[in-house]
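A.B. asks: I would like to see how this sequence folds:
(one chain, ligands or ions: 1)
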Amino acid sequence: MQNPVLDLWRLDETPGAGDAIELLGQLALERALRYANPADRNEFVAGRVALLDFAAALLEVDPARLVPDYHCPRCGPGQDHGRPGFMLDGGPAPLALSASRASGWVLLAGVVHPPEELRLGVDLESTGKATFEGFDDVAPTATEKRFLSTIPDQERDSQRARLWARKEAWLKMTGEGLRRNPAELDVLDLPGLRDVTGIHENGKLPDGLVAALALG
Ligand SMILES: CC(C)(COP(=O)(O)OP(=O)(O)OC[C@H]1O[C@@H](n2cnc3c(N)ncnc32)[C@H](O)[C@@H]1OP(=O)(O)O)[C@@H](O)C(=O)NCCC(=O)NCCS
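C.D. replies: Residues are numbered from 1 along each chain as shown. Modelled structure (predicted):
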C-alpha cells in the first residue's frame, strides 16, 4: 500500500496565511468567526491554510484551483467540519487527506491518487494534554490499562498520549471521531495503525509531541 506523505508545520509560520485566507471558503471563515479565543481562531485558520498549501503541493497545482470540501459522516458533504477534502476544477481532487493540530503545530498527511476507498487518519497530541486527571477512567480499554500498568512511572504519561493519538487517528480514518467511545477501542495492535516518530528523513517529532497514523 502507498505510504502517505507526512509534513509538520508550525502554525505561526504557515506561509501565505494572509493571502490564502479567502481560498478557505465561506464555511471555514464563518467557523473561524465562531471561535471565542483569537489564538484558537488563528490556529484553526493557519491549520486550514497549511492543509490547502500541502494539498496543492502534492497535486502540483496552484492553491487557487482547490476548493475545500469537508465531508462529515453524519451531516454529509459541504460542511465546515469533518473529513478534509478538496474540489479541483469542479471535480473531487484525487487525494486522501488528514490533519491534526496540537501545541502550535499541524501534522498533515496525504496520499495522491489513492486507491478507491482508501481512508487516512492522523493525530498529533501533546504529551501533557492527553494525561489529564481521570484519563484512565475514560480513555483506555481494560487491555490498555493492563499495558499502562507495566510501564515505568516516568514513561506512563507519554504512553497515555501515544494511546490517545492512536485512538484519534483510527477514529479519523473511520470518520467516526469521538462519536465512538474511545474506551471501547483497543489500539495497541490494529492493522494499518502505527506511531509516527519522525516526519522527514531523520527528522524527529519536537519534544512533548506524539503522533499516530491510520491507513486502511
Ligand atoms: C475528529 C476529532 C476526534 C478531532 O478532534 P481534535 O483532536 O479536537 O482535533 P485535531 O486537530 O486532532 O483534528 C481536527 C481535524 O480532524 C479532521 N476531522 C474532523 N472530523 C473528522 C472526521 N469525522 N473524520 C475524519 N477527519 C475529521 C479535520 O481535518 C479537522 O480539522 P479542522 O479543525 O480544520 O476542521 C473530533 O473533531 C471529533 O470527534 N469529531 C466528531 C464529532 C463531531 O465532529 N461532531 C460535530 C459535528 S456532527
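A.B. asks: just the strands in this structure please.
C.D. replies: With strands called from DSSP state E, the chain shows them at 5-10, 66-68, 70-72, 76-79, 86-88, 91-92, 95-102, 105-112, 120-126, 193-196, 209-215.
A.B. asks: now residue 63: closest residue in space that isn't a chain neighbour?
C.D. replies: residue 56 (4.0 Å; Cβ to Cβ, 6 or more residues apart in numbering). All C-beta atoms are positioned from the backbone trio N, CA, C, and that covers glycine.
A.B. asks: circling back: want to throw the strands of the chain into a markdown table with mean neighbour count?
C.D. replies: Supplementary listing: the strands of the chain in a markdown table, determined by neighbours: other Cβ atoms under 10 Å:
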| stretch | mean neighbour count |
| --- | --- |
| strand 5-10 | 18 |
| strand 66-68 | 20 |
| strand 70-72 | 17 |
| strand 76-79 | 13 |
| strand 86-88 | 18 |
| strand 91-92 | 10 |
| strand 95-102 | 22 |
| strand 105-112 | 23 |
| strand 120-126 | 25 |
| strand 193-196 | 17 |
| strand 209-215 | 25 |
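A.B. asks: mean pLDDT and distance to residue 133 for these - can I get that in JSON lines?
C.D. replies: Supplementary listing: the strands of the chain in JSON lines, determined by pLDDT from 0 to 100; distance: least, Cβ to Cβ, whole Å:
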{"stretch": "strand 5-10", "mean pLDDT": "95", "distance to residue 133": "29"}
{"stretch": "strand 66-68", "mean pLDDT": "96", "distance to residue 133": "37"}
{"stretch": "strand 70-72", "mean pLDDT": "95", "distance to residue 133": "31"}
{"stretch": "strand 76-79", "mean pLDDT": "93", "distance to residue 133": "33"}
{"stretch": "strand 86-88", "mean pLDDT": "97", "distance to residue 133": "40"}
{"stretch": "strand 91-92", "mean pLDDT": "96", "distance to residue 133": "43"}
{"stretch": "strand 95-102", "mean pLDDT": "97", "distance to residue 133": "19"}
{"stretch": "strand 105-112", "mean pLDDT": "97", "distance to residue 133": "25"}
{"stretch": "strand 120-126", "mean pLDDT": "97", "distance to residue 133": "16"}
{"stretch": "strand 193-196", "mean pLDDT": "97", "distance to residue 133": "25"}
{"stretch": "strand 209-215", "mean pLDDT": "97", "distance to residue 133": "19"}
